[in-house]
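Asks: Provided below for reference: sequence and predicted model.
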Amino acid sequence: MKPVGHVMILASAGSGKTYQLTNRFVRLLALGARPERIVALTFTRKAAGEFFDEILNKLARAAREPAYAAELAEEIEVPALGSADFLKMLRAVADDMHRLRLGTFDGFFARIARNFPLELGLAGEFEILQEHAARMERERVLRRMFERTGELHDAQREFIEAFKRATFGADEKRLGAQLDGFLDRHQEIFLDAPAADRWGNPLRIWPDGCEWFGAGADLAAVVKNLRTWIDGAGIGDKQRSRWNDFLTALAEWSPGVAPSRALAYVLEKSLEAWTALKAGNAVLEFDRKKQELDPTACAALVQLTRQVVGAELARRLEITRGIHAVLSGYEAVYHDAVRRAGKLTFGDVQRLLAPGGTGARVLSREAADDSRLFIDFRLDAEIDHWLLDEFQDTSFGQWSVLGNLIDEAVQDPTGARSFFYVGDVKQSVFAWRGGDPRLFREIFDHYNHARPGTIAEEHLVKSFRSGPPVIAMVNAVFGAADAITGLFPGEAARAWNHEWRNHESAKPQLGGQVALLEAEDEAGRFATALQLLHEIEPLERGLSCALLVQDNDTAARLADYLRREGGLPAVAESDLHVCVDNPLGSALLALVKTAAHPGDTLAQQHLAMTPLGACLAAEGLGEPEALTRRVLGQIHAEGFERTLDTWLSRLEPQLAADDDFSRERGRQFTAAAGRFDLTGSREVAEFILFMERHTVREADSAAVVRVMTVHKAKGLGFDMVILPDLEGTRLDGRREGLAVQRAADRSVDWILDLPGKLFAGHDAVLAAHVRSAEAAACYESLSLLYVAMTRAKRAMYLIVKPPGKSTSRNFPKLLAETLGEESVPVNIGKLQLPGTFAQGDPDWYLGVAAATQAAEAAPEVERLDPAAVLKSRRLVSRRPSAGKTGVLNGIQVFSIEGHGGADFGTAVHALLAEVEWLDEAGLKRFEAAWAKAGVAGAEALACLQAAELARVWKRPVAAQAEVWRERAFEVVLDGVWVTGVFDRVVVVRDIAGRALRASVFDFKTDYLAGESELAGVVARHMAQLELYRRVVAVLAGLDVSAVECELVITRLRRSVAVPREVK
Amino acid sequence: MIPHRHFLPWDRSLLPQAVAWLAGRWAGGAPLDLSRVLVVVPTRQSGRRLREAIAAHASAHGQAAFPPRVFSPEALVAPGPVADMASRLESQLAWVDVFRGLDLAAFRGVFPVDPPARSFAWALRLAQDFSRLQGTLAEVGLRLADITAKAGADFSEVERWRQLAELEQQHGAKLAALGWRDGQAVKIERASAPGLPDGIERIVVIGTPDPLPLALQALAVHAQTVPVEVVVFAPKTAAADFDAWGRPLAAAWAGHVFDLPDFERRVQLCASPAAQAERIVAMTAGYGAAEGVLGIGVADSEVLPLLETGLRHAGLTGFNPEGRARYGDRLFQLLAALAGLVREDSFAAVAALARCPDFLDFAQARHGPGFSVAGFLGALDELHAHHLPPDLAEARRQAPEIAELTAIAEVRATLTAGTFPENAAAALGLIFSSRRFDLARPADVLAAEAAEAWTEVMREVRTAGKKLETVSTAEWWEVALQLYGEGVQTDDKPAGAIELQGWLELLWEDTPHLMVAGLNDGLVPYAVVGDPFLPESLRERLGLKTNAARFARDAYLLQALAVWREPAGRLDLLLGKTSAAGDPLRPSRLLLRCADAELPRRIAFLFSPAESARATPPWRRAWQLQPPRVSAPSRVAVTALRAWLDCPFRFYLSRVLHMAAVDPGKTELDALDFGTLCHAALEAMGHEPALRDCTDAGVLREFLIAALTAEAAKRFGPELTLPLIVQLESARQRLSRAAEVQAQTRAEGWVIESVERKFLLEVNGLVVSGKIDRIDRHEQTGAIRVLDYKTSDGPVRPRDAHLRAARRDEMAPEFARYSTEGEREEVWRDLQLPLYLRALAAEFPGEITGGYFNLPKAATETGIVPWDGYTPELAEAAWRCAGGVAAAIRAGEFWPPNENVRADYDDFAALFHHGAAASVAWPEEKS
Ligand code: SF4
């Protein structure tokens, strides 16, 4: 293997990231790497799948087309290669497919964890909890915490205390809802930083002390001092009343409550003049009137301000600690009940593997050392090469799991291993779930500082996706350094402008159009989008088309609007709640709810209002009593899927003939119910929750208008893109929730439930935190717009509400400032729409040849002609002994000792099968042998000894006699395949071996109360014995009349002849 | 002795050839007697097919057959009854014992770190893993102790396996001490000295490309006494591709090139599991009677249930010969509910048992014809909603009238008395005491079989339990349930049903047309990726089955399925592009085993996008709801007016049709409960004459809190659950602050005149009833003040609560609107205080005002908020509005619904999709 070098690629949108990644893979193969020694990781399984497809298709094409082979060889810098070489690589990859390591981070981590369960402190195999399952676990844990345990134990007492602190003075009535919210908001943070000392710890937040704490003790005196000054100062009435209102508000205020306007007004002034106040000579301006405070007043105001700010901060610290305590109380239970039971989320797996986690060891390819997990042997892997995709989305946690393995590759002195990573920091839209774009540069610097040139740096700015108009617009918006600096926080603007390089189009001939259009509200923006689609008719022209929005709800709404109002085949690539978004599903859920909770009059009457109500009534299930009995029984016996499927099929005739939608939903409903059934639960409440949460992604397909969120569009490209959902208030809003301050090594420094701006804004530490959080949020927002705008190949239409005088720092504002605010009518073909900016060719799409709509040929139905083929013979089968009859009672059925039926019967049968012909000597032998065989032995022996049964065992006086004991047979009678076992058959033959007659003895070991039951037994077994009679007739070549049948009732030591069945 | 190999050419199907070969020269005239032959076939199902074909063969000659003894390789080495052999359960429990008592520090090679908790569950899971590991090794006759020697010199985990061997030894010792021997050890031992059934004169291994290696060891031993023949389904010319036992040789098949003619039409790339199922269903339906012509193979377990459903919808029956796991059957549900009740007698466990049909039958039998399922379950839900009982005892205390609870208590007492499984059997005997199982009824037969399977488990547990006393009843339940759940229920194949067979069954399938779904990599060939104990490299060294061997087997199978169908039949191979969850799947590597020159084309074909999915139909309403019209009420509560103003239709649903939901997940007080509790305490205070003039907040506080506590105890019992504790704490805080407010308001001269005063008011023909929280009189001025307690989270101002700003497209009726000069139009949302004042006007002719006594969550906001500015005009407008509402209610005007109710606040959200009005066909009454 030749050295291949390490590479970092910063690839702008459309510049062929995947292309580079697949080329890298091919290059590694070309240089002799074994396919299974290459790991390539990305974020979604879909992306990994596409990556794999592309490698194979690339190799396949190179193997077929010499010209392309030459081109590819050139690109991967192994120029000597030809088609034959690529074919060889293709074969190697195809044969090694099952060993390839192309996948997701999550999958890769889970696989490692599966191979080292005991090393990671797990008990054997574990299960990955997907979203629904994880939620159910959470609910179970909460329920468990809520259960009574008699005396409260300490943990519970602590929990209640913590909860009170966490919700200080603003307790919720509903604990469950509140806790659920806590977990949604804070659980990840907790898992990241479980140590209590990070939470609301002033020593960590203000290591140099916090000036807000320690207001003087005697506040009354302070207030009095201030009053004295107010009363004496030569200030206006308006100002005086400001002061008085302030003091009144102050007396009423308590921490945690938003300060009233009167309180905030003076507080704000005080904080603005803080330094001067502390110096004792401040001038405060109230309503544009200046007032000079004397030193006493200054001191008093300083005291009061400290009092308020300090109290608020103290409260926030307390709340933060309370939140921590609540979460750790929950986590303790969760950990015990869920993780220990072997149910992990992907996040848990990653945390288990991260160095520094509990017991985790560094992953390594070096076996030497006990502090490492040696992966080569367990994974059957010797990973030499690392390819990481979308690196800007990699979290620090993910990196820390792989860090050492990659380090070993980079440090490998032979150069036989390699590291390659690619991404685009301008597309960092997943920071909110841990994506850490700073890693990109840090890793590079880390290695290149130590040894310059270790990792090569490449930039890709040429877009292979977008044509010149799109690129021009992108450059105009994102290259506008001044506008960006003017609008956005310094740090974010600086970082953005620093990374920015003007893009180029690699497809200068690709015509198209871009425009910034205007519409007032959402309805207007949707309507404009529809107008564009009607005018351009992208699908008819074979152009791919997407509408990108900010959230899933909007996507679903917009897609539905386009389908309904425009008759367009639009698909929301969002998660649809298919089980409850339509009347059919809701009615089915009402059915199960009524069954389990007959007192639920809402569900019951809801049901009655639907056609299902009539179906039920028609079956006599109109009343809850009958309905519950039937449906609950059905659910327990057959599961939800089959139960609801039954009712769905009753409903089928009620649906309009062309109602494909409801039928589709019906199918999706039963499929979802089937998935729930796999959990083994028949609990209706759980089922309903599952169904309510169940979502289905509408299938994507080229021939539709696709509507999706920008996040989902990442990585995709379309001929035409419409952005009708760019509204929003500000781009630099700090993400809500606890403030988490991290050190340079990403460890959590401190966590605080941040107070309002009035309080946080004037504290140096908190203000700095807010500033950087805002900068990060702003950077992420810019990335989002960048991703949205770089999806288009030819045409892009942005539809916004004109910002006008609004000062909101939002997308429309940025677009207005960079593209223009002057109204200009925009022409798109024959359409004219209001807008402020347009470039490119208004008729761009007219030149596009109408796509030949090659209708997907439905796969031919090729059936064989049943008459012309040799069919496989299939018979209806029957086991004579299976036709058991009789009635057992519950006690017999569930008795451990009980009839002991099966065992006892089998034992007696087995013993009796030992008897061929019985004579005196034989009897002695059996008496001796069966004495040890317990009750079964006694029973069998008694049967041998009974005079009444002597005929059964005795050799008949005839020329030849043959006995079949426990003899299996197979026969076809009247086209039915009969298979069974005779207990004992005696066939009497003449000297020539011809059968003369036969007797069938069938042993019954059931308990019989007495003779009186005999007739019943005979009647029950008549059919079975008749069958035996016929079989023996066939086997022995006899007429049926020559075969007699007897039941040997072992308990009664007697036998009964079974007459022929009269039909 | 080396077995003798025979080859059956694969230009015809295997099954009839196998039968003909076994029958040899038999030509009728006597029964076809094969009873002295032992035949080894790969699976139970292939054995069944073989016997069926033998019967058919014999019957073709007018005869019947004595069949051969048919065994699968696994059955061949399954040790028969051995008195001292530990069952799987016993073996696992011995492992549990070993792990629980282990000094982990001495086994750091196996347990480098301590597990999170050394519970029974931990030990059991580990025990299962270890048993599985032992089982895998036993396939080739190895025990843990054999590995270090076998693995070779450069083996990197020597120490770990040395310790594993030591653990195994401890396990063996533990078993020995109890008088048992390990099952796997017995099995291995048996394989070297296997017993042969009486009368066997010949052994034939037929069409079994992947036999259990241990079975081959046994066969090798048999070969010394009886002739053993191996019959391979392949042409003689391919003899070199198989080993002596008829197994495809990895080396020979690794590079095998398939000739699958017409590849692109026979191989069908489908978008999803559902698409695969659909194609098969369509094909099956197309045949009309497909049995015998079309065979179906399913290699992807995701396709199977979809296929079953699809066939059922098409009016066809699918039959899975592998049967169904008992996990999920009706008895399992009951057992799980009982296990839950054993673990703890929580109300949730009670509610779960109460919904088991078998329990309901029991209750029915006990209580006779008067028993109502709906009544019982409804009562349980009501009990839950009102009292939130944490457990059975509290439930019984609160609702002694629910007799079935006594039955449950009896069941629990039986379940927890004595030892498992006797107590379990007794409880089941109790529940099923009057149940009859009529073996002529298929459903009862199934139930009886399930019961038999469970009693089997109980017997096994009892045997094991006699020696292992450290396991608790709850733990036994855990183990027993699992054992039962893993059991399989096999049904007889219904006539005419189409078998849905697994990949490994297909060699014996002889239908001319075969469709196989799931030709995806990892499934065919099946590949094991990763194992904490046995990675592929170690498997290779130990001679265990490797992925390469699986590849060879599956390559052979595919070839054998294809070849003979080539001329006159058809083989369709379906593969999915994605899984049900949408994750990408790869095509089977077997499909890429073509000549290299062909490969690029195959790749292009197999890696193309799957056919586009069906176009998504636009959302459409299946039907509109048809609410019944019932006559309008003549009397309503005062709160109903607010409900009508909010939404007349929802008013109709809740107040006229009385639709109300049950929330089985309720674990804490809802807003209403919370308010009721606080009200009760405040009411008690109002009734207490001694406190009328109290101005000491401390005393008032004490009283209020005591009243609250007493009320809570009455309703929820002496011991509270965590959320109730927290909620009551919240209520206490609110009441403490209320005490201060009360003290102050008394000091200001307001004296409580009466509390919870009932009134009736006729409004426009409608009787409105209500209860006024409290009436105060000022001791100096004599003024009257009507107060309503509010426990919502935030403080409420009366005016804001009663009127809202009109919307841009306001729909409210004229009478509900209120406007004054120059102000924006407002709309009434509530009429509570105005109606109180109106109702009291006659009684208190002097000054009378209204207001709220707020008890919000922020303590500082607690206080009395009078309705300042309640003018005569407002009173007039309110009365007019009340009149309008009353008239509307009387006239049955409940339409249109309010479209502005947020779904998460809407009790009726489940009824509405895409608009409330659009969801309902409202029958306007004919005028
Ligand atoms: S005011 Fe004082 S004396 Fe009167 S009731 Fe209250 S505590 Fe007793």
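Replies: Sure thing, it's come through. Numbering: from 1, shown residues only, chains lettered A, B, ... in the order given.

Asks: does the longest helix seen in chain A come close to chain B?
Replies: For chain A, the longest helix by residue count, based on DSSP state H, is helix A:295-334. No. Helix A:295-334 stays clear of chain B (CB under 8 Å from any CB of the partner chain), getting no nearer than 10.1 Å. C-beta coordinates here come from the backbone N, C-alpha and C atoms, glycine included.

Asks: which strands and helices sit next to that helix?
Replies: Applying 3 or more CB pairs under 8 Å, 6 or more residues apart in numbering or on different chains; DSSP states H and E, one finds that helix A:295-334 makes contact with helix A:131-146, helix A:154-166, helix A:175-192, helix A:219-232, helix A:261-272, helix A:274-279, strand A:748-752, helix A:757-760.

Asks: If you count neighbours, what's buried in the shortest one?
Replies: Right, the one you point to is helix A:757-760. If you call a residue buried by 16 or more other CB atoms under 10 Å in any protein chain shown, then helix A:757-760 has these buried ones: A:758-760.

Asks: and it, how far from the chain's centre?
Replies: In terms of CA atoms, centre = their mean, to the nearest Å, the centre of helix A:757-760 is found 38 Å from the chain centre.

Asks: same question for it, mean pLDDT?
Replies: Confidence over helix A:757-760 (mean pLDDT, whole number) is 88.

Asks: Can you work out which other helices and strands pack against it?
Replies: Looks like helix A:757-760 contacts helix A:261-272, helix A:295-334, helix A:764-789 (3+ CB pairs under 8 Å, 6+ apart).

Asks: what's that helix in contact with?
Replies: A:259, A:264, A:267-268, A:271, A:309, A:312-313, A:754, A:766-767, A:769-770 (CB atoms under 8 Å, 6 or more residues apart in numbering or on different chains).

Asks: With the fourth one instead?
Replies: Residues external to helix A:219-232 that are found in contact with it (CB under 8 Å, 6+ apart): A:216, A:240, A:243-244, A:247, A:250, A:293-294, A:296-297, A:299-301, A:303-304, A:307.

Asks: what's the residue found closest to residue A:510 once you drop the neighbours it is linked to in the chain in contact with, if anything?
Replies: In this structure, residue A:510 finds its nearest non-sequential neighbour in residue A:467, 3.0 Å apart by CB to CB, 6 or more residues apart in numbering or on different chains. Residue A:467 makes contacts with A:505, A:507-512, A:793-794, as judged by CB under 8 Å, 6+ apart.

Asks: what's the distance between residue A:467 and residue B:191?
Replies: Look at residue A:467 and residue B:191: by CB to CB, to the nearest Å, they are 72 Å apart.

Asks: Name the residues of stretch A:265-284 that come out as buried.
Replies: Buried residues in stretch A:265-284, counting neighbours by 16+ other CB under 10 Å, are found at A:265-267, A:269-271, A:273-274, A:277, A:282, A:284.

Asks: now do the same end-to-end measure for it.
Replies: Chord length of stretch A:265-284, first to last residue, is 11 Å (CA to CA, to the nearest Å).

Asks: Strands along the stretch 301-450 of chain B, start to end?
Replies: B:318-319, B:324-325, B:436-438 (DSSP state E, counting those that start in this stretch).

Asks: List the pairing partners of the first one within its sheet, with orientation.
Replies: This means strand B:318-319. Note on strand B:318-319: by DSSP bridges, its sheet partners are strand B:498-501 (parallel).
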